[in-house]
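Chemist: with the input below, show me the fold.
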Amino acid sequence: MFASFFVVTIFVEAALSLKLVDLHVPAVVRLTSPVWLYCWYNLEGDDLYSVKWYKNHVEFYRFLPSDNPPGQKYDLVGVHVDLKNSNQTHVYLDQTDLNTDGLYGCEVSTEAPSYKTVQAEKKLKVYVLPRDKPAIEGLESVYGIGDEVNVTCGSSPSKPPAQLSWLINGQPAEPTFLTTYETQRHLEGLQRTMLGLNFIVTFTHLKHGMLSLDCTAIVSQEYYSQSGEIVIGGRIRADPSDFVPPEKGPTLVTGKKEYRVGDIVEVNCSSSRDTKNTQLTWFVNDQKASHFYVINYPPIIYKDGVMSSLIGLKFRLTHTHLLSEGLRIKCTSTKSIVLDTKNQKVIIGGTQHSSGLHVLASNGKESNTKGLWNMMLWSWSFTLAFVQSLCADQL
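Modeler: Have a look, this model is predicted:
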């Protein structure tokens with residue numbers, strides 16, 4: 001009888017404890033935009049003692065019902081609190097700058113006799129979109145078979161930096177054609193990226209005597225990243241970290257529980273279910289895994305339309321893989337928001353131009369004469385070769 005009463009008492013106490021229901025901190029905010037920060041909690045019958053807000057663990061706002069006025073702010077670089085529109089559940093930042101970036105946390109405490117405290121925190125990123133389209137430099141007015149194309153695409157400064165890609169006649173350029181340059185830093189933390197394209201023009205590159213080059217700049221912001229980890233030593237075990245919610249973090253599955261040097265290590269990683277594809281990345285001893293080890297599988301599509309990304313890792317275990325604490329294999333699941341996409345496209349060697357960019361001849365004037373002349377020569381040569389082939393067949 002006593003035991004039953006004890007269990008019920010503990011259950012009621014747990015049910016009536018302070019709860020932080022939700023913390024709303026936007027993942028990304030455009031520069032100068034205002035921000036609402038929400039902290040929803042359930043006092044479960046207790047009296048509120050305080051609500052405190054922190055940025056990078058430094059307090060910038062507190063609400064104490066016993067104070068007059070109850071709301072107070074503390075100066076902090078990048079945090080522009082509007083006291084009139086802030087209270088015990090939310091804080092209003094009337095503007096943002098590049099220093100607003102950071103980790104924002106809410107802490108709620110109750111009065112005596114419970115003296116309970118709950119807290120949570122989330123990251124906020126401020127972004128700046130590029131003003132202009134990417135710029136293509138190094139273009140010639142006309143290219144022929146055997147000519148070298150050596151051009152560079154540069155993005156307009158942004159935060160975060162843009163990711164660049166090249167298309168040749170609408171198809172992705174081969175990785176061997178690409179040259180990545182160091183990111184250039186500009187004022188106020190903005191960054192400019194550059195991507196080179198170098199290849200020799202072949203017959204397959206010329207479509208009706210013209211060559212199309214397309215550079216795309218995409219600015220995206222990571223808003224979610226979680227990792228799952230296993231350690232291989234004398235045996236394999238799951239990482240005990242409990243900060244990764246099972247329903248959100250990636251799931252790692254291996255076919256064996258123990259490995260020896262010389263064995264083939266095979267591990268699969270799947271993301272949590274979502275309506276959008278999730279990028280998965282492998283790390284071996286905190287270094288990005290070699291692409292020779294990685295197996296890219298198509299996503300798993302479920303009946304309700306959601307999907308899970310799937311990626312595999314396969315390699316032979318050697319002594320060099322084993323550190324003092326064993327071999328650490330980590331799978332990171334990342335989701336990003338595309339903030340902006342800008343494109344610059346040029347068509348060279350013909351009479352067509354696009355995106356407002358006109359290819360100039362060496363004298364600085366718009367000219368297609370050389371391109372047309374090359375097209376006529378190429379067409380005449382092709383016709384002559386075709387006639388010669390017919391004559392040879394008749395003989």
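Chemist: so Asn198 sits in a strand?
Modeler: Yes. Counting by DSSP: H, G, I helix; E, B strand; the rest coil, Asn198 is part of a strand.
Chemist: for it, give its distance to Thr320.
Modeler: Asn198 is 35 Å from Thr320, where distance means C-beta to C-beta, to the nearest Å. No exception for glycine: its C-beta is placed from N, CA and C like everyone else's.
Chemist: pick out whichever of the two has more residues nearby.
Modeler: Legend: neighbour count by other C-beta atoms under 10 Å for Asn198 and Thr320, higher for Asn198 (15 against 9).
Chemist: and that one, bridged to which residues?
Modeler: Following DSSP bridges, Asn198 is listed with bridge partners Asn150.
Chemist: pretty sure it contacts Pro175?
Modeler: No. The pair Asn198 and Pro175 does not pass the contact test of C-beta atoms under 8 Å, sitting 12.0 Å apart.
Chemist: if I look at Thr32, how far off is Arg185?
Modeler: 21 Å.
Chemist: domain map for the protein?
Modeler: Per automatic domain parsing, the structural domains of the chain span 2-127, 135-221+340-385, 222-337.
Chemist: Ile264 contacts Lys314, correct?
Modeler: Yes. Ile264 lies in contact with Lys314 (C-beta under 8 Å); the separation is 6.6 Å.
Chemist: hey, least reliable of the domains of the chain by pLDDT?
Modeler: For the domains of the chain, mean pLDDT drops lowest on domain 135-221+340-385, to a mean of 77.
Chemist: neighbours of the closest residue to Leu310 other than its chain neighbours, how many?
Modeler: Of all residues not flanking Leu310 in the chain, Tyr297 sits nearest, at 4.2 Å (C-beta to C-beta, 6 or more residues apart in numbering). Tyr297 sits with 13 neighbouring residues when counted by other C-beta under 10 Å.
Chemist: Tyr297 and Ile311: what is the separation?
Modeler: Tyr297 is 6 Å from Ile311, by C-beta to C-beta.
Chemist: do Glu148 as well
Modeler: 37 Å.
Chemist: ok, now His319?
Modeler: 26 Å.
Chemist: and if you look at Phe203?
Modeler: Taken as C-beta to C-beta, the span from Phe203 to Ile311 is 38 Å.
Chemist: which stretches in the stretch 1-150 of the chain count as helices?
Modeler: 2-15 (DSSP state H, counting those that start in this stretch).
Chemist: oops, could you answer that again for the stretch 251-395 of the chain instead?
Modeler: Counting by DSSP H, counting those that start in this stretch, the helices of the stretch 251-395 of the chain are 369-394.
Chemist: Val77: neighbour count?
Modeler: Counted with other C-beta under 10 Å, Val77 comes out at 12.
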